[in-house]
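Engineer: Next input, structure requested:
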Amino acid sequence: METSFFNIVSLVSTCLLFVSSSESLLPTTPFLGIHPQEEIYFKSEVIKCKDGSKSFTRDRLNDGFCDCIDGTDEPGTSACPASKFYCRNVGNTPQVLFSSRVNDHFCDCCDGSDEYDHGINCPNTCFKDGNTLQKNDNNLVRPHLVSVDAREASGRMSLEDLIQKLKELKIVVVGEVVLFSCVMAFLLFRRRIKSGRRRRRHR
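Structural biologist: The predicted model follows:
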């Protein structure tokens, strides 16, 4: 009986560890990955998906679950394959990445903002790599928003989608296994308690 109790405790702690580890992958600020000019769009309590398909509440912004097909609600996580992550890269050129490159243990943004789960240390190299202003035809122009180039878009799109689907599948499978283990341990615990009561009655 004591052994089954300790098994229950260990399984519950595993469940809590799984939940806490998934929460650690969430951005520290809900506006991470969003272009500064678009932040006002996300400040209302109820936000519409940009494709108009549905709406979501602000607490579901960057919560690690894909609510909008177009990825409007997850600009700062890798939950939606269609979403894009905006690197501010202060001191260098801003950049837009596929969301599947967020927390992939590879530093894509020179400010390191795409790797916030602490799985890898990304030092801020924005000021080291380039100047805030660039010269073009003897005129100073501010850095433009650089999207993923055509070569990356064509070569990496299917690979990015595949990686994202595998990540989502892994999370679902692990979650189901943990949940199933918790349920089975609980049922086993209840069964042992009932059998213990029956033995006491027969005595």
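
Engineer: how about low-confidence regions in the protein?
Structural biologist: 1-26, 129-172, 202-203 (pLDDT under 70).

Engineer: What about the closest residue to Pro123 other than its chain neighbours, how many residues nearby?
Structural biologist: Excluding its sequence neighbours, the residue lying closest to Pro123 (C-beta to C-beta, 6 or more residues apart in numbering) is Gly112, at 6.5 Å. No exception for glycine: its C-beta is placed from N, CA and C like everyone else's. By the other C-beta atoms under 10 Å criterion, the neighbourhood of Gly112 contains 18 residues.

Engineer: can you pull the buried residues of the helix or strand hosting Leu97?
Structural biologist: Assigned by DSSP states H and E, Leu97 belongs to strand 95-98. For strand 95-98, the neighbour count (16 or more other C-beta atoms under 10 Å) marks Gln95, Leu97, Phe98 as buried.

Engineer: then it to PDB, C-alphas only?
Structural biologist: Output of strand 95-98 as PDB, limited to C-alpha atoms (Å, rounded to 0.1, in the frame of the first residue of the first chain):
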ATOM      1  CA  GLN A  95      14.400  40.200 -39.300                       C
ATOM      2  CA  VAL A  96      11.400  37.900 -39.700                       C
ATOM      3  CA  LEU A  97      11.800  34.200 -39.200                       C
ATOM      4  CA  PHE A  98       9.600  31.100 -39.500                       C
END
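
Engineer: Name the next helix or strand following it along the chain.
Structural biologist: helix 126-129.

Engineer: How about residues contacting that next one?
Structural biologist: Asn89, Val90, Gly91, Asn92, Cys110, Asp111 (C-beta atoms under 8 Å, 6 or more residues apart in numbering).

Engineer: Any buried residues in that helix, and which?
Structural biologist: Cys126.

Engineer: likewise stretch 177-189?
Structural biologist: Val178, Ala185, Phe189.

Engineer: ok, back up a step: what is the nearest of the buried residues of strand 95-98 to Arg58?
Structural biologist: Relative to Arg58, the closest of the buried residues of strand 95-98 is Leu97; by C-beta to C-beta it sits at 23.3 Å.

Engineer: for that closest one, what are its contacts?
Structural biologist: Neighbours of Leu97 in contact, by C-beta under 8 Å, 6+ apart: Lys84, Phe85, Cys87, Asp108, Cys109, Asp114, Val148.

Engineer: phi, psi of Cys87?
Structural biologist: phi -90, psi 120 (degrees, to the nearest 10).

Engineer: list the contacts for it?
Structural biologist: Neighbours of Cys87 in contact, by C-beta under 8 Å, 6+ apart: Pro94, Gln95, Val96, Leu97, Asp108, Cys109, Cys110, Asp111, Ser113, Asp114.
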